[in-house]
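Trainee: Sequence and predicted structure below; questions after.
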Amino acid sequence: MLDLTQRILALEAWGKALATATGREATASQAAAQNPWFTVDLVQEAIQAICDDYLNRPALEIWLSGWEDNSESRDVGIVMAGNIPLVGFHDLLSVLATGRSEEHTSELQSRQYLVCRL
C-alpha cells in the first residue's frame with residue numbers, strides 16, 4: 001500500500017492528466033446525450049472543479065493533514081447516484097486518499113453504459 005505522501009502525489013498526477021485529457025468534450029457530450037439532466041457545460045465544469053479544487057497537492061495536503069494514517073486495511077463500499085455529473089467523486093476520492101480498498105457501483109441509466117468497476 002502506498003503511504004500518504006505517495007497517494008497525494010498519485011492523486012495530483014491524476015488531476016493533471018484529467019485537466020489535459022483529450023476527449024473531455026466528447027465524453028461530456030455523450031453524458032449529456034444519455035442523461036437529459038446533464039449539459040456539456042455542467043459536465044465540463046464538474047471535471048474542471050475536480051482538477052482545480054480536489055486533485056491538487058496543496059488542497060490534498062490541507063485536507064488530509066488531520067488524517068491519522070494507520071496500516072489497518074478496511075474495505076469500503078460506495079454507491080453513487082447518477083443524477084448529477086461526478087456527484088460521487090468526493091466519496092471515491094476519500095477512499096483512495098485514505099488508502100482504503102473499495103467496491104464502487106454507480107447508479108446506471110442503462111447497463112449498456114457501465115464504464116468501470118474498480
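Mentor: All right, it came through fine. Residues are numbered from 1 along each chain as shown.
Trainee: which sections of this protein are below the confidence cut-off?
Mentor: Within the chain, the stretches with pLDDT under 70 are 70-73, 82-83, 101-118.
Trainee: let's go with 80 and repeat that
Mentor: Counting by pLDDT under 80, the chain has low-confidence residues at 1-2, 67-85, 99-118.
Trainee: Next, name the residue at the spatial heart of it.
Mentor: For the chain, residue 89 is the residue whose C-alpha lies nearest the centre (CA atoms, centre = their mean; 3.7 Å).
Trainee: Spatially, what comes nearest to it if we skip its sequence neighbours?
Mentor: In this structure, residue 89 finds its nearest non-sequential neighbour in residue 50, 5.7 Å apart by CB to CB, 6 or more residues apart in numbering. Yep, even glycine has a C-beta here, placed from its N, CA and C like the rest.
Trainee: thinking residue 1 is in contact with residue 96, fair?
Mentor: No: between residue 1 and residue 96 there is no contact under CB atoms under 8 Å: 11.4 Å.
Trainee: who's more crowded, the two?
Mentor: residue 96 (18 against 10; other CB atoms under 10 Å).
Trainee: quick check, the more buried one in a strand?
Mentor: No: under DSSP: H, G, I helix; E, B strand; the rest coil, residue 96 falls outside any strand and is assigned helix.
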